[in-house]
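Peer 1: The sequence isn't on hand, but the structure is:
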């Protein structure tokens, strides 16, 4: 008589592979992917933080209130002109009451994206929007960015309706970002520096 064979049922193997069974290439790819996503998120948070600190002042986009002539509008249709102001404020004041020590115009060719810069000297005598002659930087002090843009449009026959204003603090931050400037201050000069800070 034939012997009965015992049949043993083997359990099914679990075909799910865990992280430990991954090859070194997959593990490196996963780590690099997670790192990349974290860097993107961090960059987004930093940019959002920086942009939230930007103070904006709405100016009129009405060509008449900015003294933009019809000829200037037609002539400059292929360009974006932006007024750049550097004001003498250290307390984050960017409106009227501050003087624009630096006045520049950035002209961007919208087809080639070529940028040209021209500087307007702050002591240049120009006609203000009220008809009086004064230094160019007085327009910002009296009328803020809108008054300064109006001055540039009227006197230089420009088509400017956008601007950027920075103060001394922005200059300090830029210098710090590029490595700073080392200045050798003598002992006898320290009292004059402290006096100037007050």
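Peer 2: Received the coordinates, thanks. Owing to the predicted nature of the structure, the values given are computational and were not obtained by experimental measurement. Residues are numbered from 1 along each chain as shown.

Peer 1: so what does the lowest-mean-pLDDT helix or strand in the chain touch, helix or strand wise?
Peer 2: Lowest by mean pLDDT, DSSP states H and E among the helices and strands of the chain is helix 70-75, with a mean of 71. Contact here means 3 or more C-beta pairs under 8 Å, 6 or more residues apart in numbering; DSSP states H and E; on that basis helix 70-75 packs against no helix or strand. In short, each C-beta sits where N, CA and C put it, glycine included.

Peer 1: ok, then the element right after it?
Peer 2: Tracing the chain C-terminally past helix 70-75 and defining elements by DSSP states H and E, one meets strand 79-87 next.

Peer 1: list the helices and strands that following strand packs on?
Peer 2: Going by 3+ C-beta pairs under 8 Å, 6+ apart, strand 79-87 lies up against strand 100-109, helix 138-156, strand 160-166.

Peer 1: Of those, which is nearest residue 31?
Peer 2: strand 160-166 (40.5 Å; C-beta to C-beta).

Peer 1: which residues touch the closest one?
Peer 2: For strand 160-166, the external contacting residues (C-beta atoms under 8 Å, 6 or more residues apart in numbering) are 59, 61, 63, 66, 68, 80-87, 94, 100, 105, 145, 148-149, 152-153.

Peer 1: who does that strand pair up with?
Peer 2: Applying DSSP bridges, strand 160-166 is found paired with strand 79-87 (parallel).

Peer 1: what's the partner strand in contact with?
Peer 2: 93-94, 98-110, 117, 140, 145, 148-149, 152, 158-160, 162-167, 171.

Peer 1: do stretch 128-143 as well
Peer 2: Contact with stretch 128-143 is made by 67, 85, 87, 96-101, 103, 120-127, 147-148, 150-151, 154, as judged by C-beta under 8 Å, 6+ apart.

Peer 1: filter these to the buried ones?
Peer 2: If you count burial by 16 or more other C-beta atoms under 10 Å, the buried members of the contacts of stretch 128-143 come out as 67, 85, 87, 96, 98-100, 103, 120, 122, 126, 147-148, 150-151, 154.

Peer 1: so which of these comes closest to residue 74?
Peer 2: Checking the buried ones among the contacts of stretch 128-143 one by one against residue 74 (C-beta to C-beta), the nearest turns out to be residue 67, at 15.5 Å.

Peer 1: any low-confidence regions in this structure?
Peer 2: In the predicted model, the chain carries pLDDT under 70 at residues 1-20, 47-65, 67, 72, 76, 90, 92, 94-95, 197-198.
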